[in-house]
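J.: sharing a model prediction with you, sequence too.
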Amino acid sequence: ASETGINTVGGGWEWSPMLDTVGLRKSNDDSFWPVTCMDGKLVCVPLKGGNEHPDAVRRPVTTALGFRLPLARGALGKFSALEDLQVRADLSLKQKKFVNDSIAPDDEELMNEYDAMCAQVDKVPLKLFFDILKAGKVERALDLVERLHLEKSFEIAVKASDRLN
């Protein structure tokens, strides 16, 4: 982790914060030594008392920290878990698109796999869209529609908004 307690991961050509460790530290001198990433978690060794690396003499005890994007929290704080999930899913989708385009841009199987991922990723902003629309936050709901990837998802959003007026 950096001095600010935020680890970042490259997403194409941008760096995006992926883990905010400030709230996980017990003192300002504590930090984390990354070991690996597995199942959406950072496996690391907690370092206490200003140590910069684990003790080489003893076997270090690791801990797993779940990735959570440090997003700004607004008036709609009850939707923050879905917001976090949607942003992480979108980053993963962009990475998949980048890798597919690098490997074989015209591969039909990879395109179908990407479309299936788009359908899965679109479920999260649609869920947010429905909840926020029910809460009467029309402007926020319109912002969420921009996150959709498939035409079918747009059609679902239009039908839902028609039903709710």
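T.: Sure, I can see it.

J.: mind listing the strands for this structure?
T.: Counting by DSSP state E, the chain has strands at residues 6-11, 14-20, 31-38, 41-47, 63-66.

J.: neighbours around Phe129, how many?
T.: When neighbours are counted by other C-beta atoms under 10 Å, Phe129 registers 24. Where you see a C-beta, it was placed from the backbone N, CA and C, and this is true even at glycine.

J.: Leu144 is in contact with that one, correct?
T.: Yes - with contact defined as C-beta atoms under 8 Å, Phe129 and Leu144 form a contacting pair (4.6 Å).

J.: so where's the chain uncertain?
T.: 1-18, 68-78, 165 (pLDDT under 70).

J.: report the buried residues of the top helix by length along it.
T.: For the chain, the helix with the greatest residue count under DSSP state H is helix 108-134. Across helix 108-134, burial judged by 16 or more other C-beta atoms under 10 Å covers 110, 114, 117-118, 121-122, 124-126, 128-133.

J.: just stretch 50-64 next, same as before
T.: Buried-residue list, stretch 50-64, by 16+ other C-beta under 10 Å: Pro54.

J.: skipping its backbone neighbours, what lies nearest Lys127 in space?
T.: Leu82 (6.3 Å; C-beta to C-beta, 6 or more residues apart in numbering).
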